[in-house]
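Peer 1: any chance you could fold what I've pasted below:
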Amino acid sequence: MAESLVIIPTYKEKENIEKIIRKVLSLPGNFHILIIDDNSPDGTADAVRQVMPEFSGRLFLETREGKLGLGTAYVHGFKWALQRSYKYIFEMDADFSHDPEDLPRLLHACSHKGFDLAIGSRYIDGVNVVNWPISRVLMSYFASAYVRLVTGMKIQDTTAGFKCYRREVLEAIDLDRIRFTGYAFQIEMKFKAWKLGFRIKEVSIIFTDRVEGVSKMSKGIFKEAVLGVIRMRWDSLVNKRDYRRLPQPK
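Peer 2: Next comes the predicted model:
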């Protein structure tokens, strides 16, 4: 059984999905992939099924009835991984904005350097973003600064979605009490890991905007993140239950 599982949520990613699968599974390290598709109308799930026989035992597919949100897709994937023996569980986008070549670097931070959560960071070493308009770069950069101000976290890229968790982190977080479904989910997971005292490492990456497919960013997602951070910080002060480690499996 492989130790590493890469979770890739999809919605309308037919142009990218086979290419990202082949790239990840060509890397050293014996990665496995779990695709979680939210009933993409473009046939993304069918494209995955077509290549599954070629990667039997390494490529898995979970389909859901509709577009239920990024956060719920990852929680679904985390629970799937924890039911199995994976030690390192990754989050990654399907559109090549996260370079698969960086997966071994994230893994190394957790497997050899002793960190519990490794974050592929756009902002730990300058601003490493390619093909974004300056308005979006500024929005993302200052959103992270805003999150640091409100929460007290020392993470430079608080909204990053390219991550490697040791399974102990996901076992310690009550996944049924994760509140957010959009990009605020990324902040919430980091915040809970930080509050629980896990060791976090930012690994510098270059983020490249998608070439194919359609971005899922919206004003509603951004609003959830802005307002959700304040609510999350308040809850951490008054509701201690969500910020205690769950008992570890024996």
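
Peer 1: what residues are up against residue 124?
Peer 2: By CB atoms under 8 Å, 6 or more residues apart in numbering, the contact set of residue 124 is 156-157, 202-204. C-beta here means a position set from N, CA and C on the backbone, and glycine is covered the same way.

Peer 1: what's the closest of those to residue 6?
Peer 2: Distances from residue 6 to the contacts of residue 124, taken as CB to CB, are shortest for residue 203 (15.4 Å).

Peer 1: how far away is the most centrally placed residue in the chain from residue 46?
Peer 2: Most central in the chain under CA atoms, centre = their mean is residue 91, positioned 3.2 Å from the mean C-alpha point. Remark: distance between residue 91 and residue 46 (CB to CB, to the nearest Å) = 24 Å.

Peer 1: about what we covered before: the contacts of residue 124 in strands, which ones?
Peer 2: Using DSSP state E, the subset of the contacts of residue 124 located in strands is 202-204.

Peer 1: looking at these, which is nearest residue 51?
Peer 2: residue 203 (28.7 Å).

Peer 1: what's the neighbour count on the closest one?
Peer 2: By other CB atoms under 10 Å, the residues close to residue 203 number 23.

Peer 1: hmm, it is touching residue 103, no?
Peer 2: No - counting by CB atoms under 8 Å, residue 103 is not a contact partner of residue 203; they are 10.5 Å apart.

Peer 1: now the one helix or strand residue 169 maps to: buried residues?
Peer 2: For residue 169, the element it lies in under DSSP states H and E is helix 167-172. Within helix 167-172, the residues that count as buried by 16 or more other CB atoms under 10 Å are 167, 169-172.

Peer 1: lowest confidence element among the helices and strands of this structure?
Peer 2: Across the helices and strands of the chain, the lowest-confidence element by mean pLDDT, DSSP states H and E is helix 219-238, at a mean of 72.

Peer 1: tell me, how many residues neighbour residue 139?
Peer 2: Residues lying near residue 139 (other CB under 10 Å) number 14.

Peer 1: please begin residue numbering at 9 from this point
Peer 2: New numbering, starting at 9: the last item is residue 147.

Peer 1: so which elements touch the helix or strand where it lies?
Peer 2: Assigned by DSSP H and E, residue 147 belongs to helix 142-159. Counting contacts by 3 or more CB pairs under 8 Å, 6 or more residues apart in numbering; DSSP states H and E, helix 142-159 is packed against helix 192-203, helix 227-246.

Peer 1: re earlier: show me how far the helix holding residue 177 is from its chain's centre.
Peer 2: 14 Å (CA atoms, centre = their mean, to the nearest Å).

Peer 1: this protein: strands as residue ranges?
Peer 2: With DSSP E as the criterion, the chain has strands spanning 12-18, 40-45, 67-71, 96-99, 125-129, 137-138, 171-174, 208-212, 215-216.
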